[in-house]
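Q: coordinates only, sequence not included:
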């Protein structure tokens with residue numbers, strides 16, 4: 001491998017969490033590729049990263065990176081009550097409700113409204129939080145915009161108060177100041193020092209705004225190429241792209257899902273899948289389930305520029321006598337292995353082939369040659385259709401459950 005910058009991403013219908021980390025220097029970096037970057041510096045204990053991220057920073061990220069952190073519910077005479085909620089989440093909820101049966105199946109986490117603010121250039125950057133005049137000017141402007149939207153589009157009496165938001169934002173200044181830096185320079189220095197850098201993608205290739213199953217996509221790009229934009233590093237510095245692919249398919253949200261299964265088959269796979277079943281990490285919703293989709297997965301690998309495939313959760317499939325695999329689509333009576341546009345995708349039907357199952361518990365095996373021949377045949381069958389090398393196989397939830405080929 002030339003250089004040491006890697007991008008790990010996921011494809012097909014399966015989401016993955018957002019994580020950007022530096023490995024080898026005991027430094028973990030969380031980068032939101034939105035309006036600002038945060039640095040968690042010099043963490044000696046890897047578990048401290050998770051604690052800081054989810055205990056110390058979730059509210060702070062919501063505060064600084066949302067255009068208006070809190071909105072106050074008003075009575076008809078515009079008197080505020082004590083109720084406050086995250087504004088972007090409210091906009092997400094209101095919009096899904098307005099769309100009704102045509103909604104996108106959003107997690108209602110405020111992602112789309114947040115990215116909308118970024119590209120409307122009304123988002124607030126971290127640096128602006130440390131300048132009183134700039135911060136207040138930005139808040140006044142955005143509150144006017146948001147309040148009008150609440151009233152006119154959603155017929156809501158929610159209202160945002162710039163001064164209230166200002167007071168809350170500045171209360172985070174000292175807490176965050178030691179953890180804020182220019183991450184572009186930080187990463188460039190790490191590259192010069194030949195340090196190992198890991199960038200992990202959010203969601204999967206089919207959720208990409210430009211190349212995915214639009215409009216049932218996320219609001220940013222989860223592709224490896226976009227990692228250079230968010231991290232502020234040159235494209236040619238990413239030399240290895242590891243694409244994480246489940247041994248079956250799952251999805252949360254609306255949109256075409258060609259290899260989807262239903263009823264008892266879906267219930268069984270959902271119950272046995274994942275670490276504790278296949279349920280949305282954000283919403284807790286039961287995930288939609290399906291068999292492995294070679295067409296979608298190959299397309300995703302192509303978009304990602306995959307150098308290595310990490311094939312995960314193969315141990316889940318040990319209950320099946322025969323394992324169905326979607327090897328092609330049929331669109332209007334014609335068979336294809338080309339992933340179609342969204343309009344044609346809605347008419348696609350899966351072409352299924354079957355591979356013999358291994359009918360045993362393979363957890364604990366950490367050498368490829370020790371896997372049952374049927375498990376190896378399944379992996380190699382998928383690899384043949386993907387046309388990308390499967391170099392890692394996840395055979396359980398623990399770190400040492402990885403099989404390297």
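A: Alright, I've got the coordinates. Just so you know, these numbers come straight off a predicted model, no measurement behind them.

Q: Doesn't residue 310 lie inside a strand?
A: Yes - with DSSP: H, G, I helix; E, B strand; the rest coil as the criterion, residue 310 is assigned to a strand.

Q: What sits closest to it if chain neighbours are left out?
A: Nearest non-adjacent residue to residue 310, counting by C-beta to C-beta, 6 or more residues apart in numbering: residue 392, 4.1 Å away. (Each C-beta comes from the backbone N, C-alpha and C, glycine too.)

Q: what about the one you found, is that helix, strand or coil?
A: Reduced to three states by three-state DSSP, residue 392 is strand.

Q: The protein - how does it break down into domains?
A: Listed domain ranges for the chain are 5-41+184-404, 64-176 (source: automatic domain parsing).

Q: Pipe those into TSV and attach mean neighbour count and mean pLDDT per row.
A: Output for the domains of the chain, formatted as TSV (neighbours: other C-beta atoms under 10 Å; pLDDT from 0 to 100):
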stretch	mean neighbour count	mean pLDDT
domain 5-41+184-404	19	84
domain 64-176	16	76
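
Q: Quick check: end-to-end length of stretch 384-397?
A: Taking C-alpha to C-alpha, to the nearest Å, stretch 384-397 runs 26 Å from one end to the other.

Q: what do you get for stretch 305-325?
A: 23 Å.

Q: I would like the residues contacting stretch 355-370, please.
A: 314-315, 317-323, 325, 371-378, 381, 393, 395-396, 400-405 (C-beta atoms under 8 Å, 6 or more residues apart in numbering).

Q: Just the ones of the residues you listed in helices?
A: If you go by DSSP state H, those have 373-378, 381 in helices.

Q: quick one on the thing from earlier: what about the residue nearest to residue 310, distance to residue 297?
A: 15 Å (C-beta to C-beta, to the nearest Å).

Q: cool, residue 120 as well?
A: For residue 120, the distance to residue 297 equals 35 Å [C-beta to C-beta].

Q: for residue 389, same thing?
A: 13 Å.

Q: give me the element residue 276 is part of.
A: Under the assignment given by DSSP states H and E, residue 276 is not contained in any helix or strand.

Q: can you pull the contacts of it?
A: Neighbours of residue 276 in contact, by C-beta under 8 Å, 6+ apart: none.

Q: Quick check: residue 184 touching residue 230?
A: No - between residue 184 and residue 230 there is no contact under C-beta atoms under 8 Å: 10.2 Å.

Q: now the helices: where do they sit in this structure?
A: 46-51, 58-65, 87-99, 111-119, 132-152, 162-170, 173-176, 183-192, 224-231, 263-272, 294-304, 342-345, 373-386.

Q: and these as a markdown table, adding distance to residue 212?
A: Shown next, in a markdown table, are the helices of the chain (distance: least, C-beta to C-beta, whole Å):
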| stretch | distance to residue 212 |
| --- | --- |
| helix 46-51 | 29 |
| helix 58-65 | 23 |
| helix 87-99 | 19 |
| helix 111-119 | 14 |
| helix 132-152 | 27 |
| helix 162-170 | 34 |
| helix 173-176 | 33 |
| helix 183-192 | 27 |
| helix 224-231 | 12 |
| helix 263-272 | 23 |
| helix 294-304 | 9 |
| helix 342-345 | 8 |
| helix 373-386 | 18 |
